[in-house]
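# Just to be clear, the model below is a prediction. Sequence and coordinates:
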Amino acid sequence: MWSYRATLDRVIDGDTVDLNIDLGFHVWFNSTRVRLRRVDTPEKRTTDLLEKHFGYLATDFVLDKLINAKKITVRTVIDGRQDKYGRILGEITVDDEAVSLNDQLIEKRYAVSYEGQNKSSVAAQHINNYKYLVESGETTLTEDLQILFNQLP
């Protein structure tokens with residue numbers, strides 16, 4: 001993997017960010033869309049209100065980590081692969097923490113491990129994460145969302 005210093009441009013959602021990447025020698029790759037490797041977070045742009053709630057929860061976690069970072073490092077795969085939407089696949093480290101942001105998302109149950117398989121194959125894992133986040137008190141639900149939550153399998 002290649003490692004680069006970066007600054008935050010904006011957070012798109014829990015698993016996608018725009019970074020300004022320092023290539024060295026005063027050369028920058030600005031507003032570069034980076035998809036966090038190996039993770040899938042719930043979508044923010046969906047008609048599923050429950051998924052949307054947890055998508056915003058993941059996004060807020062990523063935003064909080066990156067907006068307060070003194071140092072952002074992005075590691076990209078050596079072969080330069082991009083995902084099907086043309087995004088660079090990256091592993092992000094904040095302030096030299098031992099655990100990458102990617103892994104923190106999984107550990108804190110904001111994301112599931114994802115290697116590009118069909119999204120339906122990780123749907124049950126997302127639901128388990130929703131249950132964990134509610135039951136652990138990490139988030140609270142409005143009455144309308146609680147009704148939807150109670151209907152989960």
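Cool, got the structure. Residues are numbered from 1 along each chain as shown.

# Which pLDDT does the model give the residue in the chain sticking out farthest from the centre?
Ranked by distance from the centre of the chain (CA atoms, centre = their mean), the top residue is F25, with 29.5 Å. Here, the pLDDT recorded for F25 equals 97.

# For G90, see how far away it is.
21 Å (CB to CB, to the nearest Å). Where C-beta positions appear, they are placed from N, C-alpha and C, glycine not excepted.

# Poorly predicted segments of this protein, please.
Under the criterion pLDDT under 70, the flagged ranges of the chain are 78-81.

# ranges for the helices of it?
49-67, 101-107, 123-135, 143-150 (DSSP state H).

# As a markdown table, the ones you listed with distance to V34 and mean neighbour count would be great.
Shown next, in a markdown table, are those (distance: least, CB to CB, whole Å; neighbours: other CB atoms under 10 Å):
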| stretch | distance to V34 | mean neighbour count |
| --- | --- | --- |
| helix 49-67 | 11 | 19 |
| helix 101-107 | 11 | 20 |
| helix 123-135 | 22 | 16 |
| helix 143-150 | 30 | 12 |
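
# For D95, which of those is the nearest?
Among those, helix 49-67 comes nearest to D95, with 8.9 Å by CB to CB.

# contact partners of the closest one?
Identification of contacts with helix 49-67 by CB atoms under 8 Å, 6 or more residues apart in numbering yields 8, 11, 13-15, 17, 41-46, 72, 92, 94, 101, 104-105, 108, 110-111, 126, 129-130, 133, 138-139, 141, 144-145, 148-149, 152.

# name the helices or strands packed onto the strand ranked longest in the chain?
The longest strand of the chain (DSSP state E) is strand 2-13. Contacts defined by 3 or more CB pairs under 8 Å, 6 or more residues apart in numbering; DSSP states H and E place strand 2-13 against strand 16-24, strand 27-36, helix 49-67, strand 72-76.
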